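Asker: Sequence below, structure please.
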Amino acid sequence: MSSAPTASTIAPRSSSPYSGLPSRFLRIVAWASFVLNTFIIGTGGAVRLTGSGLGCPNWPLCAPGSLVPTEELTYHSLIEFGNRTISGPLLVSAILVFVLTWRLRATRRDLFAISAVVLGLVVLQALIGGVIVWLHLNANLVGTHYVISLALVCITAAYLTRMYEAGAPRERVVPKGFAILTHVTTLAMAFTVVFGVLTTASGPHSGDSTIQRDGIDAVLMSHIHAWPGYIAFGLTLALLVWAAAQRLRPLRWNIALLAALVVQIVIGIYQARSGLPPFAVGVHMVLAALTAAAMTVVVLRLKRPASEAAVVEAR
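Answerer: Numbers count the residues shown, from 1 in each chain. Okay, the predicted model is just below:
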């Protein structure tokens, strides 16, 4: 005769602190979304810096009656069409992340909200790209287009950071002063990006040889852009010293952020003194997004899931 079941055998299994963690496939797709959102900034920069902004003069078609470049068009068409082509996989990855996260929405409302924002912004980006072509590279829309792309890199980085942690309530694990200084640094970084966009818009790389920008002095804007960058550097250095002294959770990402800022400053000085060579400007644009993404991770690591057992450290 079998023995009667004990309380331990019939008791419901306790919920795992790791419940709600994304599947391996979702993690892969989420990384693909981040990489594609970063990559499209590079290809979009190539479009602008090679004067290929109107290489495909129509949208959503490239040329009248043709989705792809025709023989009558130039290499500018291939560059612009290549940038448009990346929008397809980028949209697919955003949809996949959203659909796969939908199944976790009960336990991971944070990830679900982030995935919904990413999908919405990706769709908005596609529409803005079409309007930009229709309005012959309107400077304000081009700048907005870049800022949204940069925001997408930051938001997808936030998704990656949160998906390696459990969906438990979060608590601050750094001194209040450190958290405040981090947010002030974020503000300085935001000003740096905004003035950087205005500086690029006032420069010689308008996206097409027929488009002329005027009204803003490029040299003056480069100086205005530099000052919040130097302030952000000084604040980041202070954060690094503080985090190292007290072994705070954001330390590794403080190091990464400072390294990215140093590279950005060096490239910025080089391009300003070398007549804005297109390749350097393009690298500066991509690194700006990655630097902002590193800042995002630093902010997120000010907190952790309340239960130590529920933490999966982001590697």
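Asker: Quick check: mean pLDDT of the host helix or strand of residue 304?
Answerer: Secondary-structure assignment from DSSP states H and E places residue 304 in strand 303-305. When pLDDT is averaged over strand 303-305, the result is 91.
Asker: again with stretch 150-168
Answerer: Stretch 150-168 comes out at a mean pLDDT of 93.
Asker: And for stretch 102-109?
Answerer: The model assigns stretch 102-109 a mean pLDDT of 91.
Asker: circling back to that earlier point, now the strand holding residue 304, how far from the chain's geometric center?
Answerer: With CA atoms, centre = their mean, to the nearest Å as the basis, the distance from the averaged C-alpha position of strand 303-305 to the chain average is 22 Å.
Asker: now swap in stretch 284-298 and tell me
Answerer: The mean C-alpha position of stretch 284-298 is separated from the chain mean by 7 Å, CA atoms, centre = their mean.
Asker: can you list contacts of it?
Answerer: 38, 41-42, 45, 146, 149-150, 153-155, 157-158, 161, 182, 185-186, 189, 193, 196, 200, 239, 250, 253-254, 256-257, 260-261, 263-264, 267-268, 271, 314 (CB atoms under 8 Å, 6 or more residues apart in numbering). For glycine as for every other residue, the C-beta is placed from the backbone atoms N, C-alpha and C.
Asker: ok, now with 7 Å
Answerer: Contacts of stretch 284-298 from elsewhere in the structure, counted by CB atoms under 7 Å, 6 or more residues apart in numbering, are 38, 41-42, 45, 150, 153-154, 157-158, 161, 182, 186, 189, 193, 196, 250, 253-254, 256-257, 260-261, 263-264, 267-268, 271.
Asker: what does the average pLDDT come to for it?
Answerer: Regarding stretch 284-298, the rounded mean pLDDT is 95.
Asker: Nearest residue to the residue positioned nearest the centre of the chain in space, ignoring adjacent ones along the chain?
Answerer: Among the residues of the chain, the one closest to the centroid is residue 153, at 1.3 Å (CA atoms, centre = their mean). For residue 153, ignoring the flanking residues on the chain, the nearest one in space by CB to CB, 6 or more residues apart in numbering is residue 289 at 4.3 Å.
Asker: What is the burial count for that neighbour?
Answerer: Burial of residue 289 is recorded as 22 neighbouring residues (other CB atoms under 10 Å).
Asker: Tell me which stretches of the stretch 51-200 of the chain form helices.
Answerer: Listed in chain order, the helices of the stretch 51-200 of the chain (DSSP state H, counting those that start in this stretch) span residues 75-102, 109-134, 139-163, 176-201.
Asker: Return the most buried member of these.
Answerer: Burial among these, expressed as mean neighbours by mean count of other CB atoms under 10 Å, is greatest for helix 139-163, which shows a mean of 21.
Asker: chain center to that helix: distance?
Answerer: Between the centre of helix 139-163 and the centre of its host chain there is 4 Å, according to CA atoms, centre = their mean.
Asker: Check stretch 118-125 too.
Answerer: Going by CA atoms, centre = their mean, the spacing between the C-alpha centre of stretch 118-125 and its chain's C-alpha centre is 13 Å.
Asker: Same question for stretch 275-282.
Answerer: 21 Å.
Asker: One more: stretch 230-248?
Answerer: Taking the mean of its C-alpha atoms, stretch 230-248 sits 22 Å from the chain's own mean (CA atoms, centre = their mean).
Asker: If you count neighbours, what's buried in it?
Answerer: Within stretch 230-248, the residues that qualify as buried by neighbour count (16 or more other CB atoms under 10 Å) are 231-233, 235-237, 239-240, 242-243, 248.
Asker: Which one of these is nearest to residue 64?
Answerer: Ranking the buried residues of stretch 230-248 by separation from residue 64, with CB to CB as the measure, puts residue 232 on top at 46.3 Å.
Asker: Pull up the gap between that closest one and residue 254, please.
Answerer: 13 Å (CB to CB, to the nearest Å).
Asker: ditto for residue 266
Answerer: When CB to CB is the yardstick, residue 266 and residue 254 sit 19 Å from each other.
Asker: Who has more neighbours out of those two?
Answerer: Taking neighbours as other CB under 10 Å, residue 266 and residue 254 compare with residue 254 leading, 27 against 10.
Asker: Give the rounded mean pLDDT of stretch 178-198.
Answerer: Regarding stretch 178-198, the rounded mean pLDDT is 93.
Asker: roughly how far out does that stretch sit from the chain middle?
Answerer: For stretch 178-198, the distance to the chain centre is 15 Å (CA atoms, centre = their mean).
Asker: Okay, and the residue nearest to residue 153 sits in which element?
Answerer: Secondary-structure assignment from DSSP H and E places residue 289 in helix 278-300.
Asker: Much appreciated, bye for now.
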